[in-house]
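1. With the input below, show me the fold.
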Amino acid sequence: MGDVLGMGVVGAGAIGLRCAFNHLTQEDVKDRVRITAVCDPVPGRAEAAAKKFGVPKWYLSLEELLADKNVDAVTLGSPIGLHYQQGLAAIAAGKHVHFNKTMATTVAECDDLIARAAKKNVRLVASPGMMLHPFNQRIKAKIKEGAIGQVVWAATGVGVGDYHLTEDFRNGNDVLTDVDPTWYFRRPGGGPMYDVTVYCLHNLTGLLGPAKRVTALSGMCLPKREYRGRTIKCDMDDSTFISIDFGHAVYALAFGTVAGGVTRGFNPSIFGTAGSVVGTKVNDQEMRQEGDHQPHVVGVHAKLPESHVYEDIMQLVDWVREGTASIACAEHARHVIDIIESGYRAAETGQTQTLKTTF
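-> Here you go, the predicted model:
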């Protein structure tokens, strides 16, 4: 068993405030992990977060945080487009890294991060670790047992609406509650695919395995958004539909768009020759059992927001302290990013793309 892990929180924005600070300052984790520092480039934000949550050190820059000898690992709660460069810096400094979704925006970036981490002997965990849910493991086992016969096709996706413009920490009047959402609508890391459909794709590939090829249609429905009296000019596609080939005539549709609902709990509907999976039910048999929880989501953590992200962070904590690798791995995240990146390329070129990765 290792020492208590010192965690640095990179970004005191919405996800940092909802997850890392709420969960990692609870008494029941202090024997394993403590937040030792926070950084954020917005003047006053890191300092305010540190004071609110009792964090000993705060910095304006990532470089300062990475130089802190009490920081053993970091959780990246920054905009997705920054994850690659920040991940590189953390790895170079010998810090273990938890990436909020998505890990990066391209396969090439993921390849580089994974290779550099191996050379530095640091651990990478990438959200979202959807297969850590017990019901997903039961669904996967049922599919493998043949409960729905031969798998034929699946569908999963989400219409995101305007929630990033109205969610908590967006419309307050102090530095911790007026977090600017502009980056969600801009390249390179914006758009619903990297932001939300990533959950659906981790579920889909976790249940069916790696995909082979993709083709897609993609475009931008809303070229501008209104936020607190000003206009955000958007430049990232906000409506994308990807057709996925798993081989053996198994196909799926994954989508991320600006309107409509969500497939149940980000779980896919999967149809076979002898039955179906819809949400968390296999042939109408519920796979979610009373008292189900991810390994660390117990007690107060089950009542706090973003408990799934907390679970992923704790996967990293356990891996570093106990040496047990997590299934919320960088290789799975890279494969999902391959689907998204290749989907955009397929939409742009009109040509089906062969995926480069597996897990």
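2. Now tell me what touches the longest strand seen in the chain from outside.
-> In the chain, taking DSSP state E as the definition, the longest strand is strand 151-159. Applying Cβ atoms under 8 Å, 6 or more residues apart in numbering, the set of residues contacting strand 151-159 from outside is 143, 192, 196-197, 199-201, 203-204, 208, 241, 246, 249-263, 266-273. C-beta here means a position set from N, CA and C on the backbone, and glycine is covered the same way.
3. Among these, name the ones in strands.
-> Those of the contacts of strand 151-159 lying in strands (DSSP E): 241, 251-257, 269-272.
4. Nearest to Ala73 among the residues you listed?
-> The shortest approach to Ala73 among the ones in strands among the contacts of strand 151-159 belongs to Gly256, at 30.0 Å (Cβ to Cβ).
5. count of residues packed around the closest one?
-> 27 (other Cβ atoms under 10 Å).
6. for the next helix or strand after the longest strand of the chain, packing partners?
-> Downstream of strand 151-159, the next assigned helix or strand under DSSP states H and E is helix 163-166. Under the contact criterion of 3 or more Cβ pairs under 8 Å, 6 or more residues apart in numbering; DSSP states H and E, helix 163-166 touches strand 224-227.
7. elements contacting the strand it packs on?
-> Against strand 224-227 (3+ Cβ pairs under 8 Å, 6+ apart) you get helix 163-166, strand 230-233.
8. residues contacting Ile340?
-> Ile340 is in contact with 102, 193-194, 197-198, 201, 242, counting by Cβ under 8 Å, 6+ apart.
9. In helices, which of the residues you listed appear?
-> 198, 201 (DSSP state H).
10. of the contacts of Ile340, closest to Glu109?
-> Comparing the contacts of Ile340 against Glu109 with Cβ to Cβ places Thr102 closest, at 10.0 Å.
11. The closest one and Gly191: what is the separation?
-> 11 Å (Cβ to Cβ, to the nearest Å).
12. more crowded one of the two?
-> Gly191 (30 against 25).
13. give the contact list for the residue lying closest to the more buried one once chain neighbours are set aside.
-> Once flanking residues are discounted, Gly191 sits nearest to Met236: 4.2 Å by Cβ to Cβ, 6 or more residues apart in numbering. Neighbouring residues of Met236 by Cβ under 8 Å, 6+ apart: 185-187, 190-191, 220.
14. Apply 6 Å and report the result again.
-> By Cβ atoms under 6 Å, 6 or more residues apart in numbering, Met236 lies in contact with 186-187, 190-191.
15. For the helices and strands packed on strand 224-227, give me TSV that also has mean pLDDT, distance to Val9 and mean neighbour count.
-> Output for the helices and strands packed on strand 224-227, formatted as TSV (pLDDT from 0 to 100; distance: least, Cβ to Cβ, whole Å; neighbours: other Cβ atoms under 10 Å):
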stretch	mean pLDDT	distance to Val9	mean neighbour count
helix 163-166	87	20	15
strand 230-233	96	26	12
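16. Would you tell me which of the ones you listed gets closest to Gly77?
-> Per Cβ to Cβ, nearest to Gly77 of these: helix 163-166, 14.7 Å.
17. Now that closest one - C-alpha only, CSV.
-> Extracted C-alpha coordinates of helix 163-166, given in CSV (Å, rounded to 0.1, in the frame of the first residue of the first chain):
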residue,chain,number,x,y,z
TYR,A,163,-27.4,22.9,-21.0
HIS,A,164,-23.8,24.2,-21.1
LEU,A,165,-25.2,27.7,-21.2
THR,A,166,-27.4,27.3,-18.1
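18. what element comes up after it heading to the C-terminus?
-> Taking DSSP H and E, what comes next after helix 163-166 is helix 192.
19. buried ones in stretch 220-227?
-> Going by neighbour count (16 or more other Cβ atoms under 10 Å), the buried part of stretch 220-227 is 225, 227.
20. number of nearby residues for Ser276?
-> 18.
21. tell me the contacts of it?
-> Ile148 are the contacts of Ser276 under Cβ under 6 Å, 6+ apart.
22. Pairing partners for the helix or strand harbouring it, with directions?
-> Using DSSP H and E, Ser276 sits in strand 275-278. Strand 275-278 pairs in its sheet with strand 269-272 (antiparallel), strand 281-282 (antiparallel), by DSSP bridges.
23. Distance to Ala50 added to those strands, as a markdown table?
-> Shown next, in a markdown table, are the strands paired with strand 275-278 (distance: least, Cβ to Cβ, whole Å):
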| stretch | distance to Ala50 |
| --- | --- |
| strand 269-272 | 44 |
| strand 281-282 | 45 |
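24. Right, I'll call it a day here.
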